[in-house]
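Asker: pasting the sequence and the predicted coordinates here, then a few questions.
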Amino acid sequence: MKSISVAIEAQGAPSVMKLSNVDIGLPKEGEVLIRQSVIGVNYMDIYQRSGYYPMNLPSGIGLEASGIIESIGAGVNFLTEGDRVVYSGGPPGSYADVRNVLASRVVRIPENIEDEQAAAIFLKGTTAEYLLERAYPISAGQTVLFHAAAGGVGLIAGQWGKAIGARMIGVAGGPEKCALAKEHGYTEVIDRNNENVVARVKELTDGKGVPVVYDSVGKDTFEQSVECLSPRGYFMSFGTTSGSVPPIDAAMLQHKGSLYFTRPTLANYCASRDDLELSATRLFKMIANGDVKTKIGQRYKLSDVVKSHLDLEAGKTFGSSILIP
């Protein structure tokens, strides 16, 4: 079986990604072969490609895609040929037209969800699920601060939080992204380019701060996030698009109000098959109810994969980006 896929032999700039035609063979035990229709692009792909996260090289790239199962390996009894499926996680390599995938990471797509929607939302949607439902379960009436509110995870989180009944405050860059975030569940959106985030959060909370901050930006927003928290507040750090957060000083957490700092990951929260299915079921239910809608901001051909990474790194994108094989 031949596959047109993207691989890297060294980590670095987007130009290290090369398109090639390779023989992938038939699925091994515990695998399924998927003819992929849509590929999701995530910031995790940039972490892995750039060298921020170490990888064994050479390697494929990409973690998420949807498509049709064409063949099944030994030992797989919960999926069948012809199933329309989506997956995320496992070894990188989703940037391809056909691929062998660990069946344990694959779930069927409900009939009411299209392939594009599934590939654009699955990894980001299960991320929003574990953040808001399990890592720090938010509740109705609670005020939540979410950075990068106009990004792929941010737009889903705004809708998810609104459905729960939380008051969602978003942070985004520029009037267009702020307007987009407000259309996706945020009660208020702070323009980080033109407003003082800490002062605005204090104003919106009568000086109390918020009980939880979700921060995927990292270095540039670390101090802001700390200052926005109320006593005994939770700092949920789940990304580093601007660079790594500084080393955490335990005394600082004490002096700033007995704060909690945690660094959760989707890999841990959806490690088991049961957790993955729980997360997927919650996500699909949110979509079916109309509580969460997908915003696909950019579509690229697989051959334009370098541009997709350049745009994402430069902050030129909004919502989700997808690749079409």
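Answerer: All right, it came through fine.
Asker: grab the longest strand from this structure for me.
Answerer: Residue-count comparison of every strand in the chain, with assignments taken from DSSP state E, identifies strand 31-41 as the longest.
Asker: so what's the residue lying farthest from the centre of the chain scoring on pLDDT?
Answerer: With distances taken from the mean C-alpha point of the chain and given as CA atoms, centre = their mean, the most distant residue is His255, at 32.1 Å. The predicted structure scores His255 at 97 on the pLDDT scale.
Asker: what about Arg282, helix or strand, and which?
Answerer: Mapping Arg282 onto the secondary structure by DSSP states H and E places it in helix 273-288.
Asker: buried sites along that helix?
Answerer: Of the residues in helix 273-288, those with enough neighbours to count as buried (16 or more other CB atoms under 10 Å) are 275-276, 278-280, 282-284, 286-287. (C-beta placed from N, C-alpha, C; glycine too.)
Asker: and what of stretch 144-156?
Answerer: Within stretch 144-156, the residues that qualify as buried by neighbour count (16+ other CB under 10 Å) are 144-156.
Asker: partner strands of the following helix or strand past the helix holding Arg282, parallel or antiparallel?
Answerer: As assigned by DSSP H and E, the chain's next helix or strand after helix 273-288 is strand 296-301. Strands flanking strand 296-301 in the sheet, each with its direction: strand 320-324 (parallel) (DSSP bridges).
Asker: just the CA atoms of the partner strand, as PDB, please.
Answerer: Once non-C-alpha atoms are left out, strand 320-324 reads as follows in PDB (Å, rounded to 0.1, in the frame of the first residue of the first chain):
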ATOM      1  CA  SER A 320      -9.300  25.400  13.200                       C
ATOM      2  CA  SER A 321      -7.100  24.600  10.300                       C
ATOM      3  CA  ILE A 322      -7.400  21.500   8.200                       C
ATOM      4  CA  LEU A 323      -5.400  19.800   5.400                       C
ATOM      5  CA  ILE A 324      -7.100  18.000   2.500                       C
END
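Asker: dump the buried residues of helix 273-288 to JSON lines, plus pLDDT.
Answerer: Written out in JSON lines, the entries for the buried residues of helix 273-288 read as follows (pLDDT from 0 to 100):
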{"residue": "Asp275", "pLDDT": "97"}
{"residue": "Leu276", "pLDDT": "97"}
{"residue": "Leu278", "pLDDT": "97"}
{"residue": "Ser279", "pLDDT": "97"}
{"residue": "Ala280", "pLDDT": "97"}
{"residue": "Arg282", "pLDDT": "97"}
{"residue": "Leu283", "pLDDT": "97"}
{"residue": "Phe284", "pLDDT": "96"}
{"residue": "Met286", "pLDDT": "96"}
{"residue": "Ile287", "pLDDT": "95"}
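Asker: nearest to Thr126, of the residues you listed?
Answerer: Within these, distances to Thr126 taken as CB to CB reach their minimum at Ser279, with 4.3 Å.
Asker: which residue is the nearest non-sequential neighbour of that closest one?
Answerer: Nearest non-adjacent residue to Ser279, counting by CB to CB, 6 or more residues apart in numbering: Thr126, 4.3 Å away.
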